[in-house]
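>>> following is a predicted model, sequence given first.
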Amino acid sequence: MTTTIVHPSIENLQQFSDSFDIEKLLQSKGILPWLLANGWKHDDESSLIANIVDESTSIDEVWDSEEFDFKALSDESKSKLNLIFEHFYL
């Protein structure tokens, strides 16, 4: 099975227009738009993941975080996150 991610766009973030100014969200250099565009809900979990990534300096530091148990995620979610993380750290 191949895992793919999508880049944030107006179309795939439209469902969050009640919560965000989509234009500002798309201009964000953070990971939250990427999470939302790739199936995460706007909740405490996605916000925590975004904060961990924003404060970390490497992929390993993110995966080893004590704030969130990334190992408990499904294989598909971990695969998507890994692709998104690579976008930010490579």
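Done, it's in. Fair warning: this is a prediction, and the values are worked out from it, not measured in the lab.
>>> give me the low-pLDDT residue ranges for the protein?
The chain contains residues with pLDDT under 70 at 1, 90.
>>> quick check: closest non-adjacent residue to the residue most central in space within it.
Closest residue to the average C-alpha location of the chain: residue 35 at 2.8 Å, with C-alpha atoms, centre = their mean. Sequence neighbours aside, residue 46 is the residue nearest to residue 35 in space, at 4.8 Å (criterion: C-beta to C-beta, 6 or more residues apart in numbering). From N, CA and C alone the C-beta is placed, and that goes for glycine too.
>>> go ahead and confirm that neighbour touches residue 32.
Yes - between residue 46 and residue 32 there is a contact under C-beta atoms under 8 Å: 6.7 Å.
>>> those two: which is more packed in?
residue 32 (21 against 16; other C-beta atoms under 10 Å).
>>> surely the residue nearest to the centre of the chain is in contact with residue 51?
No - under the criterion of C-beta under 8 Å, residue 35 makes no contact with residue 51, lying 11.3 Å away.
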